[in-house]
Structures are given as structure tokens and as C-alpha cells.
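> pasting the sequence and the predicted model now:
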Amino acid sequence: MHHIFRTLVPALFALAAITGWTPAAAADCTAAERAVADRALQLSASDQRASIAAHLPWGAPRETVPADNERLLVQRDFVIRHDGDLRVPLWTAERVDAARLGRIPREDCFRADPRLPAAEAGTPRDYDEPIYDQGHMAPFANQTSSAVAGHNSFVMSNMTPQTCQLNRGIWQILEGITRLWATEHGTVYVLSGSVFDRDGNGRRDADSAARRMRSRSGTERVAVPSHFYKVIAIRRPDGSVSTLSIMLPHNEANPDGPAALRYLQQHVTTIEAIEQVAGIDVFPSGARIEEARTLWPFTGRQPRSLCNVGRTTN
């Protein structure tokens with residue numbers, strides 16, 4: 001592999017530049033801030049169309065496995081495809097602009113999405129159990145252009161159960177590298193998705209086959225994905241699209257430093273493989289695509305796992 005990165009041994013505070021992580025616990029948003037953020041989720045039809053055009057310039061992924069319990073949740077800073085039975089996002093789509101990164105500190109604002117019926121909405125109480133993190137699909141560290149954008153990355157429709165080793169480890173490492181690519185190219189488009197393929201046959205399982213997270217109160221509402229993926233796209237001046245697709249198993253592997261880069265390289269995949277296992281058509285408009293088979297080069301700090309360090313702010 002040919003990777004360009006500056007090998008440093010940074011102090012933990014220096015990691016914030018690519019991970020968004022800070023060692024101190026984040027404050028919680030106030031009730032007034034939650035109310036403001038909730039109001040900002042209510043977009044007009046024209047604003048929803050504008051957001052979809054901004055974050056999904058090649059069109060929203062088309063479902064090839066139809067379901068009547070899925071809905072599109074559109075907000076200004078990213079778009080969610082949510083499954084009301086699994087109670088997790090099937091994918092999120094976001095335009096990551098370098099100019100919009102890194103302006104606000106984190107304030108936790110975990111809450112049920114007010115756009116969803118209660119029966120379809122995951123809640124922080126569902127995650128009151130000892131194993132899984134509330135794992136962002138569209139990460140907070142990509143949503144630092146305003147306090148409202150940051151707060152609205154914490155709606156539970158943007159969360160999936162993720163092990164510490166994935167959420168604070170290889171997933172946040174990939175998120176940090178993606179921001180480095182955004183810094184280098186100005187803009188990248190990121191489709192982040194959850195996969196349900198417990199039997200390993202490369203096809204999406206029925207919702208009824210999903211394993212559910214059991215909370216301390218005994219509820220088993222939220223499904224646990226078997227894999228997670230990202231399709232990262234860069235628009236070229238000639239109108240073509242360069243893409244890099246990575247699919248990671250949801251396990252307790254915790255590669256660190258250079259081993260993390262090797263691990264990501266081992267899990268580079270194709271859009272076709274993701275489409276089959278997720279039951280979607282990623283680029284329904286038929287863009288001219290050049291798929292990478294190796295990690296793109298990047299310049300920045302060597303990535304580090306934070307699983308055993310402290311909380312993550314992804």
C-alpha cells in the first residue's frame with residue numbers, strides 16, 4: 001500500500017484535529033437548545049429538496065428490497081434513511097465541506113427524533129445496557145458548522161448500536177481520515193450505512209432475523225447491525241466520480257496506528273457488493289464512476305483507536 005501520512009506521536013489533545021475527540025466529558029445541551037434543534041428539523045418541502053440535492057447530487061439511493069417501514073428524514077446538514085422496525089438508520093448521506101469543519105465544541109444532545117412515531121423511534125433508554133455505544137452514522141465532528149447542526153447529529157435516528165472497539169476505534173479512525181480527504185479535496189460526499197447480514201450470504205436479512213439489543217429495563221427494540229460501510233465520493237472536474245467503498249464487520253477488533261490502515265485496506269470493497277448486501281442502488285442516476293481498490297493517500301496524523309482512552313465525539 002502507498003499511504004502518505006505524517007507519523008507523529010501526538011498527545012491525546014492533539015488527536016482532536018482529525019477525530020473530534022476531547023478528553024473531558026462533553027456537556028449536555030439544555031432543554032431550550034433541544035427545542036431549538038427540534039424546530040430546525042422541520043423543513044419545508046422546498047428546503048428538503050434543496051438538502052437532498054446538496055447531499056445526494058447523484059440522487060438518493062434506491063431500495064431494491066422494498067419495505068413499508070422505511071422513511072426519508074431530511075435535515076439541512078445530512079439525510080437519513082430510517083427503518084422504523086429496526087429503529088436505526090439504514091444509511092445517512094452528507095456533503096462534508098472542509099470549510100464547515102471544526103467550529104464548535106461538542107454538547108451531547110441525545111434524544112428521540114420528533115419526526116418519528118414513538119413506536120418507530122429509538123431512545124437513549126434503549127441504549128441503557130453494558131455493551132454498545134450510541135454510534136453516530138453522520139458523525140458529530142462533521143457537523144460543527146453551528147450549534148444546531150451539532151445538536152441535530154444526536155437525534156437517535158442517526159444512531160446505531162456499536163461496540164466500543166468499532167465506534168471509538170476503527171470507525172472513528174475512518175471518519176477522521178475522511179475529514180482529511182475533505183480538507184485535501186475541499187468536498188467529499190459520504191454515504192454511511194448499516195448492514196444486516198447475520199447469515200453471511202451477502203444479502204440483506206429480513207428484519208425479523210435481526211438481533212436486538214436488550215436494555216436494562218428488558219426492552220429489545222433496536223437492531224444490531226452485522227456490518228457498517230462507507231462509500232466516499234469525490235466529484236472530478238470532468239463530471240466523473242471517484243469512489244472508495246469500505247465495509248467493516250461489527251466486532252471487537254481494535255486495530256491501532258499502522259495496523260488500522262492495513263485493516264481498512266483489507267476491507268476495501270466494491271459498490272456492487274454493498275448494493276447487494278444493503279439492498280440498494282447507490283447511484284441511481286448512473287454517474288460515471290471510477291472505483292478505488294486501495295485507500296486514497298492522505299496527509300495528517302497517524303490514526304489512533306480511542307476505545308480504551310475515553311469517550312469519542314464522532
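Great, that's in hand.
> point out where the protein drops to low pLDDT.
By pLDDT under 70, the low-scoring segments of the chain are 1-25, 309-314.
> now the strands: where do they sit in it?
For the chain, the strands defined by DSSP state E cover 27-28, 62-63, 70-74, 79-83, 88-97, 107-108, 132-136, 159-163, 187-195, 227-235, 241-249, 268-269, 280-281, 289-291.
> what's next to the longest one, contact-wise?
If I follow you right, that is strand 88-97. With contact meaning C-beta atoms under 8 Å, 6 or more residues apart in numbering, strand 88-97 is reached by 54-57, 60-61, 70, 77-83, 122, 137-138, 142, 157-161, 178-179, 182, 186-194, 222-223, 225, 278, 280. For the C-beta atoms, the positions are set from N, CA and C on the backbone; glycine is no exception.
> can you check the second one too?
With C-beta under 8 Å, 6+ apart as the contact definition, strand 62-63 has outside contacts at 70, 279-281, 284.
> same check, this time on the fourth one
Contacts of strand 79-83 from elsewhere in the structure, counted by C-beta under 8 Å, 6+ apart, are 51-52, 55-56, 60-61, 67, 69-74, 88-94, 113, 116, 120, 137-138, 157-158, 207, 223.
> 7 Å - rerun?
51-52, 55-56, 69-73, 89-93, 116, 157-158 (C-beta atoms under 7 Å, 6 or more residues apart in numbering).
> any of those buried? List them.
Buried subset of the contacts of strand 79-83 (neighbour count, 16 or more other C-beta atoms under 10 Å): 51-52, 55-56, 70, 73, 89-93, 116, 157-158.
> scan the contacts of strand 62-63 and report the most crowded one.
Counting neighbours by other C-beta atoms under 10 Å, residue 280 comes out on top of these with 23 neighbours.
> what residues are up against it?
Taking C-beta under 7 Å, 6+ apart as the test, what residue 280 contacts is 61-64.
> what's the spacing between the residue nearest to residue 306 when sequence neighbours are not counted and residue 307?
What sits nearest to residue 306 in space, not counting adjacent residues and going by C-beta to C-beta, 6 or more residues apart in numbering, is residue 168, at 4.4 Å. Residue 168 sits 4 Å away from residue 307, taking C-beta to C-beta, to the nearest Å as the criterion.
> make JSON lines out of the contacts of residue 280 and add distance to residue 46 and neighbour count.
Converted to JSON lines, the contacts of residue 280 look like this (distance: C-beta to C-beta, whole Å; neighbours: other C-beta atoms under 10 Å):
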{"residue": "61", "distance to residue 46": "22", "neighbour count": "24"}
{"residue": "62", "distance to residue 46": "23", "neighbour count": "13"}
{"residue": "63", "distance to residue 46": "24", "neighbour count": "15"}
{"residue": "64", "distance to residue 46": "29", "neighbour count": "13"}
